[in-house]
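Visitor: Build me a model from this:
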Amino acid sequence: MSEFLREYLLVLLFGLLAIGVVGAFLGLASLLRPDRPTAGKVTNYESGVDPVGDGWSQSQIRYYIFALLFVMFDVEAVFIFPWATRLEEYGYFGLVEMVIFIFILALGLAYAWRKGVLRWSS
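Guide: Numbering: from 1, shown residues only. Okay, here's the model as predicted:
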């Protein structure tokens, strides 16, 4: 067997050992833990308030749009950070590209602001 395959076999053996140890501990825990369900333990918990009604209700779309906008600008920060750390290497071309990128995102923000998407109350 080659040295290359022997190293992968070692990684496979350690992976199987880790899966076996985790499985053994979970199995042992299921045998040793107390199992006495009561009505209070199986009741749904909603932030310390007793649940009222059924669990299905419609949410307003503005919460999802707000979350989507947050993710969009969070991803923007992920793209800007590497650019900012290597700014000297990119030169003017990198600066122009980032200005275009930020301008397009600013247009999206201005559009969302004008449409009232960022207004939390109705």
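Visitor: for the residue positioned nearest the centre of the chain, what are its contacts?
Guide: For the chain, the residue sitting closest to the mean C-alpha position, by Cα atoms, centre = their mean, is V71 at 9.7 Å. Residues counted as contacts of V71 (Cβ atoms under 8 Å, 6 or more residues apart in numbering): none. From N, CA and C alone the C-beta is placed, and that goes for glycine too.
Visitor: Would you verify that S57 is located in a helix?
Guide: No. In this structure, S57 is coil, not part of a helix, as judged by DSSP: H, G, I helix; E, B strand; the rest coil.
Visitor: Just give me the neighbour total for it.
Guide: 6 (other Cβ atoms under 10 Å).
Visitor: How much space separates the residue nearest to the centre of the chain from Y63?
Guide: Going from V71 to Y63 by Cβ to Cβ, to the nearest Å gives 13 Å.
Visitor: and if you look at P37?
Guide: From P37 to Y63 the distance is 34 Å (Cβ to Cβ).
Visitor: These two: which has the busier surroundings?
Guide: For P37 versus Y63, neighbours defined as other Cβ under 10 Å are more numerous around Y63 (10 against 7).
Visitor: where does that one land on pLDDT?
Guide: At Y63, the predicted lDDT confidence score is 79.
Visitor: Which SSE is immediately downstream of the helix or strand bottoming out on mean pLDDT in the chain?
Guide: Least confident helix or strand of the chain, by mean pLDDT, DSSP states H and E, is helix 61-85 with a mean of 82. Later in the chain than helix 61-85, the nearest helix or strand by DSSP states H and E is helix 87-115.
Visitor: All good on my end, thank you.
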